Every structure is written in C-alpha cells, then in structure tokens.
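>>> how would this look folded up:
(2 chains)
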Amino acid sequence: MKEKILEVKDLTTRFYMVDREVTAVDSLSFSLCSHEILAIIGESGSGKSVTNLSIMKLIDEPGKVLPESQILLKSGDHYIDLNKLSEKEMEMIRGNRISMIFQEPSASFNPLFRLGGQVGESLRLHGKGSKEDAYKAALELLEQVHIPNSKMRAQDYPFQMSGGMLQRMMIAQALACHPDILIADEPTTALDVTTQAQILGLLKEKQKETGMSIIFITHDLALVEDFCDRIIILYAGSLMEEGPARDVISNPMHPYTKDLLRSIPKPGMFKGQDTLFAIPGKVPDPGQIIQGCPYAKRCRFCTAECMESKPLIIEKNGRKVRCFHAYS
Amino acid sequence: MLTVKDLVKHYPLKAGRFSTSADKIHALNGVSFTLGKKQTLGIVGESGCGKSTLAKTILGIQNPDSGSITLEPKETKMQYIFQDPYLSLNPKMQVKDIITEPLLAAKMITKSEIPDEAEHLLELVGLPKDWGSKYPHEFSGGQRQRICIGRAISSRPGIVICDEPVSSLDVSIQSQILNLLLELQDKLEISYIFIAHNIAVVLYMSDTVSVMYAGYIVESAPPQELYANPMHPYTKLLLSVVPEIGKNKRIFEQKITGEVPDLIHMEAGCPFYSRCPVHKEICRKANPQLKPGEKNDHSCACWLYQ
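Numbering: from 1, shown residues only, chains lettered A, B, ... in the order given. Now for the predicted structure:
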C-alpha cells in the first residue's frame, strides 16, 4: 500500500449567492497516494475546478469551504489540515508543496514581465534563493522542460510564445520548488492535439523523475485511460464513480460513466454506419435542488427510488460507485 | 453545388512606422475542392491551419486574394454556425426573433408570420415550441447551439458552414448536437462544410474529409478510406495523437518533433518538412501538389507518392 500524501474528507464548498445557495462540491472524499496520477473527470458545473481551488484555499467570497471539510496533507510523519491553516501559513504551501497549472497558459503569466523571472519567482518567494539564484534556476528549469534556446527564450515576454511553449513554461514554474503535488487543471484543453500529446509526455516524464503526485483535472475521458492511475468521476458536485483508470474505462459501473463513454465519438465511426449515442437532457443548473440522484433525470436505469433519495457510495473491490443499481 | 478553386488569402501585417515592407500571413495558399448536394465536406486541422479563414472566405465575409468560388445554382443560400453559442446570439432579442431573423432579412416572411415560423423551427431543432419568447440567457450551452442551428436553417440554405460547432460544448451534449446536424441534413437536404480540430468528430460527420496544414489541403479522402489508409505523414500524426478509448495508444509517448511552421516567412518546400519523420531531399526544395493516388477519391500532397 502506497502512502497517502493527500486525503480529502467530506469536502463541501458552497457559494452563498444573493438569491440562492449553490453547493458546488458536495461532501467529496478521496485520497491521493504518492507517485500517483489521479484524474478528476467532470463536465462544466461538476465541481472539478472548485475541488482543486478548495484544496488550495483559493475560494473567495461568496464561496466557502465548510469548516467540517478536512484537507489533510502529509507533512513529515503527521498530517496537517489545510482547511484550518491561516492565509499566511497557506502561502507556504502554495507553489511550494502544492503547485498548479491552468488551462489557459497565456492568461496565467503576467504579460508585462519577462518569462525567466516569472518562472523562478516561486523560489524567491519561498526564500530559496536570491533573484540571481532564482533566475539561474529558472534557466535550468526551462532546459528540463525542453524549451529550445532556453537562455534566449527566458528573455521573451508571454505574447512571444506559442501556447505549447507557454504551457511548458508554466510547468517549469510549477516544478521550481519541487512540489509533492501538482494540480493540473485542464492543462491541454486549449492546445492542439499534437501539442497535447507533447505536454502529456512532459508531465509523465517529470512525474517519473521527481516522484511527485499529480491531480489531473479534465473533461476528456479518452485522455486519461493510460495516462492516469486512478479516476474520479464527478457529476453536479458529487462523486459518481472511482476506481483504477483501466477498470473504470473498460468496465464502467455508473450509468453516467457508461453513457459518457458511449457518447464520445471514436475514430472509426462513420455517418450512415454508426450512430453516436447521445445522452438526453442537460447538466443540472447550478443551485438547482436535487432530491434524488443528480443523474436520475438523464439515466436509462432510473427507478422511483433514484428520484426520491440520493444513493450512497458503495465501496467494493477497490471501486466506489454511487448508484442504487450498481450491484443489482 | 459548390466549387472552390485555388483559393488564396494572405493577411497583410501592418508595417511599422519605419519599416518599408509589410509581411503577410499566408493563411490560405491555394485550396480547391467541390461539395455535392446533401454531402458533408469535413475539414480538419490544427489552429492556424487556415480552416476558419477558408470558411469566412467561402461565405464572402472576406474577399480572397485570388481563386474562385462558384455556386450551382447561383441562388444557393449559405449560412454559418459559429463555435461559441454564448457569443453568437444577441442577448437582447427574444429567441423567436433571433431564429427567424434570416427569413425576415430575406423578405421570405412578414412580421406577422414570426410566431408560427419560430414554433416550427424550434420544433425542428428539438426545443419546446413555446419557448420563443425567452431570451438567450435562459438557455444552456447545448440549447443555445440548437437556436443557432435553427437560425442557420431557417431560410432553407443549400449549404451550412459549421465552424467548430461542438468544441465549446460539454462532452455529454456534443453528440446530441452532432446527431441533430445529421438528422437535419437528411430532412432538409443540406450540404455541410464541417470544420473541426477533432479528427474523430470530422470522420463521423463527413462524406469527404480534407486535412489542412499551413493553408494547404494535404490530403483528401472519404472518411473510411482516410481512417484505414492515411497517406500523408501529417494525417498519420493526427490519427496517432487523437485520444481513443480502449486502444491503449499511450499518446504521451508519441515522438513529435518541431513546431507549426511560421506562416509569415513561408519557405519553398513542403510546409510539413520540419516536422516530417520521413522527409527526403526534395521535400525541402519544392512543395508537392495535391494529386490523386492509386484510388481516385484519395488524394495527397506528399513527395512519397509522386
């Protein structure tokens, strides 16, 4: 059994709007082991990004991570609860022990500063060297993420780089302090497919070299099968299914996962020969009060009990699934 | 129905105050194809390959530098479906006015006919017919894209250009919209030019697929043929990096070298030369023409086959 580096227990994040309350993440529990790549899959409004902002304590008013939520990070031989830390203490965690990379690399750098300085910034902020040391380290980092002419490119501004190169820069920046956990929020969604493959390759390479754990957030189920170790499927803020990546893809248990897999067009499907499965209906609106299973309205296997009460998670054989009919 | 010949579009870059010569972005460098009735031409390529420029030029939003676009018959109507349904609907208009606007503009109906026509169109695109007096903000992304589709088909166009119509939608909604487009094509005998970066989606939607790279069509074939026997190294690359469930493709282990070519300073040879794993001496010197291979409906622009 690998050791757990992060354990999230009953994470509930709620947004208190003027006219309604929106529970973006609803008592979500999961853990992340060392050297593991964990995928969090979900559509818009599923709570996947809020989960990761909650871990980083980046939820602003009117949002709130409820006090009973626990986010336990392994620190030496004990665990600290990030949800109880002050902003000052949290600053020592962010970018140092947990780093993030985002979907839109061009929006994540300051356009007015040269990239080299920005890449090494976290070293300086965490007191791991002077400005010169940080810049030197940044040059090394750029080489590690395979940026050609790294010395020259460090002098460039963000607008001078392509999306793929900028995403490499962001990975370099995130790796600067040797974090234990890297949270990658849709890191390849804005990129072309060929660039996507390169960035995934780079993430895998760095993960192997440094032994860090990665939380990989995406909407693309097809991407994670052989890239990630474990998958969590979220829908409307709730965990629907969890398990080893290969098992979940080859043998999905929740109807939502099954439907999702069938509705992704695969190369080799042609008009007139194949019909793509379409999930009826739409994702529930944020703030909509759902009594039963969040997926009930769109589900092919929905029964009366699904509409009445929300199923609990059934844990069995290393798999978790939230469905009344999973084992019947 | 539509014949496009040698379409060229270069965008001039603004010259600086002190510079004398202005460079150009070579967005389209001679694109030719034909589109038949009730057919779908799929265009696949990465960002910057010229696929949206092609769409805009065909539609006459931009004028080509050279080349010709011929419609047969001449009165054939064309419409456009955009990528982002959040940006392409006027938030201050009711849905019934949005969806019938092309009809009104073409004087095909009078104002008093709007409600009836809107009901009919809403039904066609799978929305409740009494939702005409709602505003766009009351709809989800998928529903908005349905409104956009309703607006596009309202004037019974012969050709609809779909520019990445599903890439901003959730996975579970995408297949609904794709199937709706196919259903409408069947019902209304529309031809589509279907543009997307996802080759799986393009293969599913099209009768012919053209692969674009750096403003050129580098390969063109029926989807089954393209999928089974890709010829151009770029098509092979695209197929090898598209995520595919259950295939254990390990796309993160693919060796991909080079970057997309500089569209401002285009060099003489094949535009794919710098990234091509099988390039030869000639590839650097001259750009291959798109030529039919052994099978007549499968053409490819690559020196390996010429």
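>>> Residues contacting stretch B:227-235, please?
The contact list for stretch B:227-235 (Cβ atoms under 8 Å, 6 or more residues apart in numbering or on different chains) reads A:267-268, B:203, B:211, B:213, B:218-219, B:221, B:226, B:236, B:239, B:272, B:275-278, B:293, B:298, B:300-302, B:304-305. Glycine gets a C-beta too; all of them are placed from N, C-alpha and C.
>>> Kindly report the same for stretch A:80-89.
Counting by Cβ under 8 Å, 6+ apart, residues outside stretch A:80-89 touching it are A:55, A:57, A:65, A:67, A:69-73, A:90, A:93.
>>> Any chance of the backbone angles for A:Glu242?
phi -150, psi 140 (degrees, to the nearest 10).
>>> What's the local residue count around it?
By other Cβ atoms under 10 Å in any protein chain shown, the residues close to A:Glu242 number 24.
>>> Show me what it bridges to in the sheet.
Applying DSSP bridges to A:Glu242 gives these bridge partners: A:Ile232, A:Lys320.
>>> quick one, what contacts it?
Taking Cβ under 8 Å, 6+ apart, we find A:Glu242 in contact with A:30, A:230-233, A:248, A:319-321.
>>> Local confidence estimate at the closest residue to chain B within the stretch 201-328 of chain A?
Across the stretch 201-328 of chain A, the shortest distance to chain B (Cβ to the nearest Cβ) belongs to A:Ala222, at 3.6 Å. pLDDT, A:Ala222: 87.
>>> Report all helices and strands that the top helix by length along chain B contacts.
When chain B is parsed with DSSP state H, its longest helix is helix B:171-188. Other helices and strands packing on helix B:171-188, by 3 or more Cβ pairs under 8 Å, 6 or more residues apart in numbering or on different chains; DSSP states H and E, are helix A:255-263, helix B:141-153, strand B:191-196, helix B:199-205.
>>> Export these as CSV, with columns for distance to A:Lys204, mean neighbour count and mean pLDDT.
Converted to CSV, the helices and strands packed on helix B:171-188 look like this (distance: least, Cβ to Cβ, whole Å; neighbours: other Cβ atoms under 10 Å in any protein chain shown; pLDDT from 0 to 100):
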stretch, distance to A:Lys204, mean neighbour count, mean pLDDT
helix A:255-263, 23, 21, 93
helix B:141-153, 32, 24, 94
strand B:191-196, 27, 25, 95
helix B:199-205, 23, 26, 94
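>>> Nearest to A:Met17 among those would be which one?
Closest approach to A:Met17 among the helices and strands packed on helix B:171-188 (Cβ to Cβ): helix B:141-153, 20.4 Å.
>>> picking up where we left off before, looking at the contacts of stretch B:227-235, which are in helices?
Among these, the members falling in helices (DSSP H) are B:203, B:226, B:236, B:239.
>>> Contact residues of the stretch 101-250 of chain B facing chain A?
Proximity of the stretch 101-250 of chain B to chain A (Cβ under 8 Å from any Cβ of the partner chain) is limited to residues B:140-143, B:170-176, B:178-179, B:182, B:197-201, B:203-207, B:223-224, B:227, B:237-239, B:241-246, B:248-250.
>>> filter those residues to the buried ones?
The neighbour-count test (16 or more other Cβ atoms under 10 Å in any protein chain shown) marks B:140-143, B:170-176, B:178-179, B:182, B:197-201, B:203-207, B:223, B:227, B:237-239, B:241-245, B:249 as buried among those.
>>> tell me the contacts of the residue in the stretch 1-150 of chain B positioned nearest to chain A?
Sorted by distance to chain A under Cβ to the nearest Cβ, the residues of the stretch 1-150 of chain B start with B:Glu46, at 4.0 Å. Residues near B:Glu46 by Cβ under 8 Å, 6+ apart: A:192-194, B:197, B:213, B:260.
>>> Turn the residues you listed into JSON lines, including distance to A:Gly120 and pLDDT.
Formatted as JSON lines, those follow (distance: Cβ to Cβ, whole Å; pLDDT from 0 to 100):
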{"residue": "A:Asp192", "distance to A:Gly120": "28", "pLDDT": "85"}
{"residue": "A:Val193", "distance to A:Gly120": "31", "pLDDT": "87"}
{"residue": "A:Thr194", "distance to A:Gly120": "29", "pLDDT": "87"}
{"residue": "B:His197", "distance to A:Gly120": "34", "pLDDT": "90"}
{"residue": "B:Tyr213", "distance to A:Gly120": "36", "pLDDT": "94"}
{"residue": "B:Val260", "distance to A:Gly120": "28", "pLDDT": "74"}
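>>> For those, pick the one with the most neighbours.
B:Tyr213 (26 neighbours).
>>> so how far is A:Ile59 from it?
B:Tyr213 sits 43 Å away from A:Ile59, going by Cβ to Cβ, to the nearest Å.
>>> Near chain B, which residues of the stretch 101-250 of chain A are found?
So the stretch 101-250 of chain A meets chain B at A:162-164, A:192-194, A:196-198, A:200-201, A:203-204, A:219-223, A:225-227, A:249-250 (Cβ under 8 Å from any Cβ).
>>> per-residue pLDDT, B:Thr20?
Listed pLDDT for B:Thr20 reads 60.
>>> If you count residues, where's the longest helix of chain A?
helix A:193-210.
>>> Figure out how far that helix is from the centre of its chain.
Centroid separation for helix A:193-210 versus its chain: 15 Å, with Cα atoms, centre = their mean, to the nearest Å.
>>> Then stretch A:63-77?
17 Å.
>>> measure it end to end?
Chord length of stretch A:63-77, first to last residue, is 32 Å (Cα to Cα, to the nearest Å).
>>> try stretch B:192-212
Using Cα to Cα, the end-to-end distance of stretch B:192-212 comes to 17 Å.
>>> for stretch A:135-151, same thing?
Its start and end residues considered, stretch A:135-151 measures 10 Å (Cα to Cα).
>>> Which residues does that stretch contact?
A:116-117, A:119-120, A:123, A:129, A:153-154, A:165, A:168-169, A:171-173, A:175-176, A:202, A:206.
>>> again, only using 7 Å
Contacting residues not belonging to stretch A:135-151 are listed as A:116-117, A:119-120, A:123, A:129, A:153-154, A:165, A:168, A:171-172, A:175-176, A:202 [Cβ atoms under 7 Å, 6 or more residues apart in numbering or on different chains].
>>> List the buried residues in it.
A:135, A:137-139, A:141-142, A:144-145, A:147, A:150.
>>> for stretch A:52-60, which positions count as buried?
Within stretch A:52-60, the residues scored as buried using 16+ other Cβ under 10 Å are A:52-57, A:59.
>>> Please determine how far the residue positioned nearest the centre of chain B is located from B:Val125.
Centre of chain B computed as the mean C-alpha position; nearest residue by Cα atoms, centre = their mean is B:Ile195, 2.0 Å away. For B:Ile195, the distance to B:Val125 equals 20 Å [Cβ to Cβ].
>>> again, but for B:Asn287
Counting by Cβ to Cβ - B:Asn287 and B:Val125 are separated by 43 Å.
>>> With A:Met169 instead?
Taken as Cβ to Cβ, the span from A:Met169 to B:Val125 is 43 Å.
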